[in-house]
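Peer 1: Below are the sequence and a predicted model for it; my questions follow.
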Amino acid sequence: MSVWDALVGQPGAVASLRRAVAGGSHAMTHAWLFTGPPGSGRSVAARAFAAALQCAEGGCGICQSCTTALAGTHPDVTVVRTEQLSIGVDEVRDLVRRAAMSPTLGRWQALIIEDADRVTERGADALLKAIEEPAPRTVWMLCAPTADDVVVTIRSRARQVGLVTPSVAAVAQLLESEGVTPDRAAFAAAVSQGHIGRARALATRPEVAELRREILEIPGQLGGLGDCLRLADWAVTTARESAEAVTAPLDESERQKLSLALGVGAGRGAPRGAAGQLKELEEQQALRAKRFVRDRLDSVLLELTGYYRDVLVVQTGAGAALMNSDCDEAIRRSAASSSPEATLRRLDAIVDCRQALMANVAPQLAFEALMVSLA
Ligand SMILES: [Zn+2]
């Protein structure tokens, strides 16, 4: 057993991190940048690395240092998590202060920023200074989808660890090790296209599996314009509701925290400037809500892409295994009733829809256009 067990399908990254740990403090780089596609395990890699650095055995996975570092409770491992709106200059300054302190228990002061791409411009300036002149026992671990998502001045000072999309077999094996039955693990891994979080959710949460089934039923239901509009509405409403289930409680607790800090509602009316700060919070929350909805809509597009990819496999007789093997019948029906050219046009329409969402087209409009193109 070791801390690297949780890092699935990443032999290259694990080898270079192990080397860094074994090299000792002289060979240590003070800033690391973990990049990789969503679901590949960027923050898992950073935590494993932090644990290995704190562990006397280089990452045994069972000692107090390892287990607390992995769980996020080690006093010398600070993790700035994903659900943040943006990571502003005040927060970065807090981190920089912490980075300057000697480790209390461990061997290193490790600071993990899970979404370094969300650090504001001023935050990045503060961070850069800390990275340029690091305290001797400090290690910064930044995570971002790609190196381009991090400002170049920081990027150029960090050593990059690139994660790849893990193989289906590796993801299935991970799920099995977590207690999922082999059949279920293999299925969830295959349909999740290397996204570990999605595969785990699919294998363990019935409502996620149910939603996937409903999405894959869309192609079979597309008839007239009425169907298209109804299904577009369903997709967008479902995405909004599922995003809201996550963001609404966050919004409320952030609002309460800020109100308390500002002294709003203490009986003497709101202090000067409070309204502005509350308004700013609401604007940031609205942006986050939008991002969550877009993520959910993106998974709808991903499922549909998988479906039409399977249709194309049948139509071209390519012989590859179907990704959505449980929808075999519907896929074959779709394949028989259209041509490969039509399927390629549908796949293009999905790409167009994703681009429209990125360009801030209203989701409802983008999805209505998509459904009409798919019909
Ligand atoms: Zn250990």
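Peer 2: Received it, and whenever you're ready, just let me know what you need.
Peer 1: Stretch 366-375: which residues count as buried?
Peer 2: For stretch 366-375, a neighbour-count test (16 or more other CB atoms under 10 Å) marks 366-371, 373-374 as buried. C-beta coordinates here come from the backbone N, C-alpha and C atoms, glycine included.
Peer 1: which among those gets closest to A172?
Peer 2: Taking CB to CB as the measure, L374 is the one of the buried residues of stretch 366-375 closest to A172, at 30.2 Å.
Peer 1: Was I right to think V92 contacts G123?
Peer 2: Yes - with contact defined as CB atoms under 8 Å, V92 counts as touching G123 (4.1 Å).
Peer 1: Given the top strand by length along the chain, what are its sheet partners and their directions?
Peer 2: For the chain, the strand with the greatest residue count under DSSP state E is strand 138-144. Strand 138-144 has the following strand partners under DSSP bridges: strand 31-35 (parallel), strand 109-113 (parallel).
Peer 1: From the chain's centre, how far out is the helix or strand that comes right after it? Work that out for me.
Peer 2: The C-terminal neighbour of strand 138-144 among helices and strands, as given by DSSP states H and E, is helix 152-155. Counting by CA atoms, centre = their mean, to the nearest Å, helix 152-155 is centred 22 Å from the centre of its parent chain.
Peer 1: Check which helices and strands helix 152-155 is in contact with.
Peer 2: strand 31-35, helix 121-132 (3 or more CB pairs under 8 Å, 6 or more residues apart in numbering; DSSP states H and E).
Peer 1: could you check the angle strand 138-144 makes with the longest one?
Peer 2: The one in question is helix 121-132. 140 degrees (axes from the mean of the first three to the mean of the last three CA atoms, to 10 degrees).
Peer 1: just to revisit the earlier point, adding pLDDT, distance to the ion and secondary structure, write the buried residues of stretch 366-375 out as TSV.
Peer 2: Converted to TSV, the buried residues of stretch 366-375 look like this (pLDDT from 0 to 100; distance: CB to the ion, whole Å; DSSP: H, G, I helix; E, B strand; the rest coil):
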residue	pLDDT	distance to the ion	secondary structure
A366	96	48	helix
F367	96	49	helix
E368	96	54	helix
A369	96	53	helix
L370	96	49	helix
M371	96	52	helix
S373	95	54	helix
L374	94	52	helix
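Peer 1: among the helices and strands packed on helix 152-155, which is the most enclosed?
Peer 2: Of all those, strand 31-35 has the most neighbours on average by mean count of other CB atoms under 10 Å, namely a mean of 25.
Peer 1: quick check, the helix or strand following that one touching the ion?
Peer 2: Beyond strand 31-35 on the C-terminal side, the first helix or strand identified by DSSP H and E is helix 42-54. No - applying CB under 5 Å from the ion, one finds helix 42-54 separated from the ion by no less than 6.7 Å.
Peer 1: next SSE after helix 42-54?
Peer 2: Immediately after helix 42-54, counting by DSSP H and E, sits helix 64-71.
Peer 1: Dump the C-alpha coordinates for that next one into PDB.
Peer 2: Provided in PDB are the C-alpha atoms of helix 64-71 (Å, rounded to 0.1, in the frame of the first residue of the first chain):
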ATOM      1  CA  GLN A  64      -0.400   9.300  10.800                       C
ATOM      2  CA  SER A  65       1.300  11.700   8.400                       C
ATOM      3  CA  CYS A  66       0.000  10.000   5.300                       C
ATOM      4  CA  THR A  67      -3.500   9.500   6.500                       C
ATOM      5  CA  THR A  68      -4.000  13.000   7.900                       C
ATOM      6  CA  ALA A  69      -2.300  14.600   4.800                       C
ATOM      7  CA  LEU A  70      -4.700  12.600   2.500                       C
ATOM      8  CA  ALA A  71      -7.700  13.500   4.600                       C
END
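Peer 1: I'd like the helices and strands packed on helix 152-155 as a markdown table, with mean pLDDT appended.
Peer 2: Shown next, in a markdown table, are those (pLDDT from 0 to 100):
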| stretch | mean pLDDT |
| --- | --- |
| strand 31-35 | 96 |
| helix 121-132 | 90 |
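Peer 1: Identify whichever of these lies nearest to the ion.
Peer 2: Minimum separation from the ion across the helices and strands packed on helix 152-155 (CB to the ion) falls at strand 31-35, 19.4 Å.
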